[in-house]
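J.: Model the structure of this input:
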Amino acid sequence: MNSLTNNQDSIPRNDLLPSRINVARQCLWLTLGLLALWGVLSFPAYKIAGQRGLEGVTYAGLLCLIPGCLSLLLAGVFLNSGSQGSQGVLLSTGLRLMTVGLAAVFMLSARPDLRFWQFHVWLVLFYCASLALETCFILKGLQRTAE
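T.: Numbers count the residues shown, from 1 in each chain. Okay, here's the model as predicted:
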């Protein structure tokens, strides 16, 4: 008999590939969701604050997208490692909040001309939207690991 047909353990498998694809898919959906929100908010931002409003809504979207993707990646690592998913959720929430908070403080010093109606209101809206999307994705991941 052929030893390769009987010994299935000798064939290396990549069990993390579906989870990597899943995290990439979640990051893509988060990007598309925040891009759609940018499209919706860009008109009122321009009407309220002009060119600075468009600049502020763009910064707000990017400042929520980057930690959002990192949070999804971190939560995926925790869920796939077999540890408790709640630890990943807590750590990713802290990462998201700290990153966006520090970015808002940085924007206050770097761009003092971008105030509430030019930047901060859009940051709050993007933060809430990205938090909702990420939470849905993470909860679906928790349900999959529980099954």
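J.: Correct me if wrong: residue 119 contacts residue 113.
T.: No - in this structure, residue 119 is not within contact of residue 113 by Cβ atoms under 8 Å, at 9.3 Å. For every residue, glycine as well, the C-beta is placed using N, CA and C.
J.: So which of those two has more stuff around it?
T.: residue 119 (26 against 9; other Cβ atoms under 10 Å).
J.: residues contacting that one?
T.: Listed by Cβ atoms under 8 Å, 6 or more residues apart in numbering, the contact set of residue 119 reads 56, 59, 60, 107, 111.
J.: Give me the neighbour count for residue 63.
T.: Residue 63 has 23 neighbours, counted by other Cβ under 10 Å.
J.: Repeat that for residue 39.
T.: 10.
J.: tell me the pLDDT at it?
T.: Listed pLDDT for residue 39 reads 97.
J.: So for the helix or strand containing it, what gets flagged as buried?
T.: Applying DSSP states H and E as the criterion places residue 39 in helix 17-49. Neighbour-count burial for helix 17-49, counted by 16 or more other Cβ atoms under 10 Å, picks out 19, 22-23, 26-27, 30, 33-34, 37-38, 41-42, 45, 49.
J.: and stretch 132-147, average pLDDT?
T.: Here the average pLDDT along stretch 132-147 is 77.
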